[in-house]
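Trainee: Here's my sequence, what's the structure:
(one chain, ligands or ions: 2)
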Amino acid sequence: QAALRYVAVSVGYDRTPVLTDVDLDLRPGQRLALVGPNGAGKSTLIKSVLGLAPILAGRASVLGADPAAARGRAGYVPQTDTLDADFPVSVRQVVMMGRYRRIGWWRPARAADRRAVAEALDRVGLAGRAGHRFGTLSGGQRQRVLLARAIAAEPRLLLLDEPFNGVDAVSQEAIVAVLRQLSAEGTALVLSTHDLGVARELADLVCLVNGRQWAVGPPGETLTAD
Ligand code: ADP
Ligand code: ADP
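Mentor: Ligands and ions are numbered 1, 2, ... in the order given. The predicted structure is shown next:
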């Protein structure tokens, strides 16, 4: 079963398409990088998969369901951390929020959930920071916590919006390593990035320009942009 399948999909707000004619077919474990200039529609494409941007035309299936029905089943690492740095919450609590997305908000966390949270933090190399206040971490560390939050829900499809923006080299390396592991375990990945180098190294490329899908290529393939 495809993790993500788009056939001639258009996405837009207020009935004006931002993206037109997008075709995607992502299998378990496959990695896709969305590249292209600012305003090309990368974020909008990610939001459409999460059911946060309306699909105007075409056929879309996310983990075998309509994106609206699949809402919350795909993991998401947002572009900038939406958590206020002053918000008095520990790293562990942030990751537990991701776990609750999987278990449902109504039941108390059990030992297995606390274990899943600890494992997610361990994977991103921040086990030692569990009790720290989220806002005291560096930008790169906060990005890794947000990745741990998504992992704690054990999604089969994970979307990351510019995961390397404002992230130091150490954190970027840690994130790339975790993404490779997740992919090897069968998690399908979609990430947007301005960094063509890391995109090529990590994933198949989908190039978006002006809301149009421009090219698709295997990792390492040169995109000739003229
Ligand atoms: P990228 O992530 O590639 O920089 P975006 O998906 O953020 O591109 O934006 C693509 C286009 O969609 C832009 O022209 C932007 O102005 C428009 N857009 C993004 N979000 C909204 C919104 N909530 N309502 C209307 N237009 C939007
Ligand atoms: P609702 O309250 O309708 O269930 P969601 O919890 O789906 O709303 O989404 C609220 C916000 O949470 C979204 O705007 C999005 O930025 C964020 N979010 C975090 N993780 C996810 C995810 N896996 N799927 C969808 N939205 C997510």
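Trainee: use CA for all of it now, contacts and neighbours both
Mentor: Noted.
Trainee: Which strands or helices does the lengthiest helix in the chain pack on?
Mentor: In the chain, assigned by DSSP state H, the helix with the most residues is helix 169-184. Using 3 or more Cα pairs under 8 Å, 6 or more residues apart in numbering; DSSP states H and E as the contact test, the elements touching helix 169-184 are helix 139-151.
Trainee: Now Leu32: phi and psi?
Mentor: Leu32 has phi and psi values of phi -130, psi 130 when expressed as degrees, to the nearest 10.
Trainee: again with Tyr6
Mentor: Residue torsions, per degrees, to the nearest 10, at Tyr6 are phi -120, psi 130.
Trainee: show me where this protein has helices.
Mentor: Using DSSP H, the helices assigned to the chain run over residues 42-49, 67-70, 91-103, 111-123, 139-151, 169-184, 196-202.
Trainee: And these, which one averages the lowest pLDDT?
Mentor: Among those, helix 67-70 has the lowest mean pLDDT, at a mean of 87.
Trainee: And for it, what's in contact with it?
Mentor: Contact partners of helix 67-70, identified using Cα atoms under 8 Å, 6 or more residues apart in numbering, comprise Ser48, Val49, Leu50, Gly51, Ala60, Ser61, Val62, Leu63.
Trainee: same check, this time on stretch 76-83
Mentor: 50, 142-143, 146-147, 150, 158-163, 165.
Trainee: close to ligand 1, is it?
Mentor: No. Stretch 76-83 lies out of reach of ligand 1 by Cα under 6 Å from any ligand atom, never closer than 9.2 Å.
Trainee: Distance of Thr80 relative to ligand 1?
Mentor: As for Thr80, its distance to ligand 1 is 12 Å (criterion: Cα to the nearest ligand atom, to the nearest Å).
Trainee: Next, count neighbours for Thr20.
Mentor: For Thr20, the count of nearby residues is 19 (other Cα atoms under 10 Å).
Trainee: Residues in a beta bridge with the closest residue in space to it that isn't next to it in sequence, which ones?
Mentor: Nearest residue to Thr20, sequence neighbours excluded (Cα to Cα, 6 or more residues apart in numbering): Ser10, at 4.3 Å. Bridge pairing for Ser10 (DSSP bridges) gives the partners Ala57.
Trainee: Can you pick out the most distant pair from the contacts of stretch 76-83?
Mentor: Greatest spatial distance in those: Leu50 and Arg142, 21.7 Å, computed using Cα to Cα.
Trainee: ok, Arg123 - contacts?
Mentor: By Cα under 8 Å, 6+ apart, Arg123 lies in contact with Ala148, Val178.
Trainee: Gly98 now?
Mentor: Applying Cα under 8 Å, 6+ apart to Gly98 gives the contacts Arg149, Ala150, Ile151, Ala152, Ala153.
Trainee: Tell me the spacing between the closest residue to Arg149 other than its chain neighbours and ligand 2.
Mentor: Leaving aside its chain neighbours, Arg149 sits nearest to Val95 (4.0 Å; criterion: Cα to Cα, 6+ apart). Distance, Val95 to ligand 2, using Cα to the nearest ligand atom: 11 Å.
Trainee: This completes my enquiry, with thanks.
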